[in-house]
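Visitor: Make a model of this:
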Amino acid sequence: MVNKKLSKLENFVKKYNSAIVAYSGGVDSSFLLYICKKVLGDKVLAVTATSATYTKEELEFAKKFTKKHKIKHLVIKTSEFKNKNFLKNLSDRCFYCKKELFSKLEKIRKKLNYDVIFDATNYDDLFDFRPGEEAKKFLML
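Guide: Numbering: from 1, shown residues only. Next up is the predicted model:
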């Protein structure tokens, strides 16, 4: 069962010539990044955001992981604290955080001519209240 799911993921990634991975340094995005590197080789770029909303520990892990696996890595600064809607700290604040992140990732994708942006959203996340998922849909329009 696991091999079948892994094969399905690898085949999905193979559809693209290059990819940016929104890389937090967490377990899910590390696994996704590792698979993308395995499939796409040097045509993958890990992009990690840094701001007051992200932990220093995850950033340090992201740097070590990408160095160890020889993956190109870009660290960008996000500015979600400049958004008054984010600062209200309501239940939809993640919409504004992800909108900030993915709008920057899309600019990088276009500028560097990558095919796609991947993030490590889990299937289960699609059934929860996830305003950040709505932000990604909004940016794809």
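
Visitor: in stretch 32-40, what's buried?
Guide: 32-33, 35-37, 39-40 (16 or more other CB atoms under 10 Å). C-beta here means a position set from N, CA and C on the backbone, and glycine is covered the same way.

Visitor: Which of the residues you listed fall in helices?
Guide: If you go by DSSP state H, these have 32-33, 35-37, 39-40 in helices.

Visitor: quick check, nearest of the buried residues of stretch 32-40 to residue 21?
Guide: For the buried residues of stretch 32-40, the minimum distance to residue 21 (CB to CB) is 4.6 Å, reached by residue 33.

Visitor: residue contacts, the closest one?
Guide: 21, 23, 44, 46, 65-66, 69, 71 (CB atoms under 8 Å, 6 or more residues apart in numbering).

Visitor: Can you tell me which of the ones in helices among the buried residues of stretch 32-40 lies closest to residue 13?
Guide: Using CB to CB, residue 39 comes nearest to residue 13 of these, at 4.4 Å.

Visitor: Could I get the pLDDT score of that closest one?
Guide: According to the prediction, residue 39 has pLDDT 98.

Visitor: Roughly how far does it sit from residue 15?
Guide: Residue 39 sits 10 Å away from residue 15, going by CB to CB, to the nearest Å.

Visitor: all helices for this structure, in order.
Guide: For the chain, the helices defined by DSSP H occupy 2-13, 27-40, 56-68, 84-87, 93-112, 131-140.

Visitor: elements contacting the fifth one?
Guide: If I follow you right, that is helix 93-112. The helices and strands touching helix 93-112, judged by 3 or more CB pairs under 8 Å, 6 or more residues apart in numbering; DSSP states H and E, are strand 19-22, strand 44-50, strand 72-77, helix 84-87, strand 116-118, helix 131-140.
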